[in-house]
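[1] Predicted model and sequence below, questions to follow.
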Amino acid sequence: MKETVVSGIRPTGKLHLGNYFGAVKNFVKMQYDYNCYFFIADLHSLTTHPTPGDLHGYVKHVLVEYLACGINPEETTIYVQSDVPEVAELYLYLNMNAYLGELERSASFKDKIRSQSDNVNAGLLTYPTLMAADILIHKATKVPVGKDQEQHLEMTRTFGNRFNRLYNTDLFPESFAFNYSENLVKVPGLDGKGKMSKSSGEGSCIYLADSPEVIRKKVSRAVTDGGPTAENQPKPEAIQNLFDLMKIVSPADTMAHFDALYNKCEIRYGDFKKQLAEDMIIFNSPIREKIEELSKDTSYLRQVAKHGALKARESAQKTIKEARELIGFKSF
Ligand code: ADP
Ligand code: TRP
């Protein structure tokens, strides 16, 4: 029996290189080795109150981009989270034994208290129980996500184990973050600090759908400094970030070439950035073209989402039936 894999991305806009290298690239590789469920986490996105007229478009972006990156709906189950109401039901059960103290300690909740202090709703507080429901509903053991999600997976194990103990069962297995490379990936942004993220601003993100002109413009504006002043000096964060991006999209000898120039204090950031932009364009182009093509094919997208929802519900209904029996619900 193949192990089960679950992962999802919130539909809050277009996918960027961080989403690709931290998550979607692994989805594509895993689909042939595992029993995979990849979904669009539209329920999670409600914590930020998206405009109703925008929500479907955001969901469509992620669906199209999953497919454009090479997720094959014949091999994998691709679905929209809100099409599987069993997830919301399991979320309710898990919330009954998730404690306020542990939810308040989650790093992402603490971040949100700071970043959206005018909207600290219960959905934000219980974000980790909804994520646990996503994973446990299919009894997954592997979850391809970036480094920032590790704490949520730890909480998923806590909630699953607690349910198992409470009802004296082994219904839910433990799940762990998964990445084909040894370390979980963190893709830096172009703003000189931290990871690439939608929330760190448009200019810091390269989206999979970005045109060559946009990529050239963003990379040319990336933060740098006055250049190295001594041979072999360590690179400051902003420069190291650009090298890390180059490592992801460029051939190894290109990166070695610029690294050597940096170490000899001969690097010209203009040339370095031009090369980085061109290699990003080479990487992005086939995906961007596929995005443009698939975006127009509404009937195919509808068929994929419908088929995915059916398959996901079949698995989810089995788990919910078992959970209901364990909890003690009986029909008259
Ligand atoms: P964002 O930070 O832009 O809002 P999300 O939080 O929606 O992105 O992330 C969706 C997925 O992409 C998660 O699995 C997350 O771990 C991964 N991810 C996001 N940004 C990065 C990054 N810069 N490096 C590696 N993985 C990332
Ligand atoms: N929390 C994840 C993120 O912000 C998205 C997500 C929701 C998810 N449910 C999940 C990821 C279940 C993996 C498995 O990126």
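    That came through, no problem. Numbers count the residues shown, from 1 in each chain. Ligands and ions are numbered 1, 2, ... in the order given.
[2] switch to C-alpha atoms for all contacts and neighbour counts from now on
    Noted.
[3] Mind checking the pLDDT average for the longest helix anywhere in the chain?
    Counting by DSSP state H, the longest helix found in the chain is helix 298-327. The predicted model assigns helix 298-327 a mean pLDDT of 98.
[4] What residues sit buried inside that helix?
    301, 304-309, 311-313, 316-317, 319-320, 323, 326 (16 or more other CA atoms under 10 Å).
[5] same check, this time on stretch 107-118
    Here stretch 107-118 shows Ser108, Phe109, Lys112, Ile113 as buried, counting by 16+ other CA under 10 Å.
[6] Redo these as TSV? Include pLDDT and distance to Thr141.
    Shown next, in TSV, are the buried residues of stretch 107-118 (pLDDT from 0 to 100; distance: CA to CA, whole Å):
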residue	pLDDT	distance to Thr141
Ser108	93	22
Phe109	96	24
Lys112	92	28
Ile113	94	30
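[7] And these, which is closest to Thr126?
    The closest of the buried residues of stretch 107-118 to Thr126 turns out to be Phe109 (CA to CA; 8.9 Å).
[8] separation between the closest one and ligand 2?
    According to CA to the nearest ligand atom, to the nearest Å, Phe109 and ligand 2 sit 11 Å apart.
[9] helix or strand for that residue, which one?
    Element membership for Phe109, per DSSP states H and E: helix 107-115.
[10] Can I get that helix in PDB? Just the C-alpha atoms.
    Extracted in PDB, the C-alpha atoms of helix 107-115 (Å, rounded to 0.1, in the frame of the first residue of the first chain):
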ATOM      1  CA  ALA A 107       3.900  31.100  16.000                       C
ATOM      2  CA  SER A 108       1.600  31.900  13.000                       C
ATOM      3  CA  PHE A 109      -1.200  33.000  15.400                       C
ATOM      4  CA  LYS A 110       1.200  35.300  17.200                       C
ATOM      5  CA  ASP A 111       2.300  36.700  13.800                       C
ATOM      6  CA  LYS A 112      -1.300  37.400  12.900                       C
ATOM      7  CA  ILE A 113      -2.100  39.100  16.100                       C
ATOM      8  CA  ARG A 114       0.600  41.600  15.000                       C
ATOM      9  CA  SER A 115      -0.100  41.800  11.300                       C
END
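[11] How about it and ligand 1, any contact?
    No. Helix 107-115 lies out of reach of ligand 1 by CA under 6 Å from any ligand atom, never closer than 9.8 Å.
[12] swap in stretch 240-251?
    No. In terms of CA under 6 Å from any ligand atom, no part of stretch 240-251 sits within range of ligand 1; the closest distance is 10.3 Å.
[13] how about the residues of the stretch 51-200 of the chain near ligand 2?
    The stretch 51-200 of the chain comes close to ligand 2 at residues Met131, Asp134, Ile135, Val143, as judged by CA under 6 Å from any ligand atom.
[14] Among those residues, which one is most surrounded by other residues?
    Ile135 (29 neighbours; other CA atoms under 10 Å).
[15] Run through the residues that contact it.
    Val6, Ser7, Val143, Thr156, Ser175 (CA atoms under 8 Å, 6 or more residues apart in numbering).
[16] roughly how far apart are it and Glu266?
    50 Å (CA to CA, to the nearest Å).
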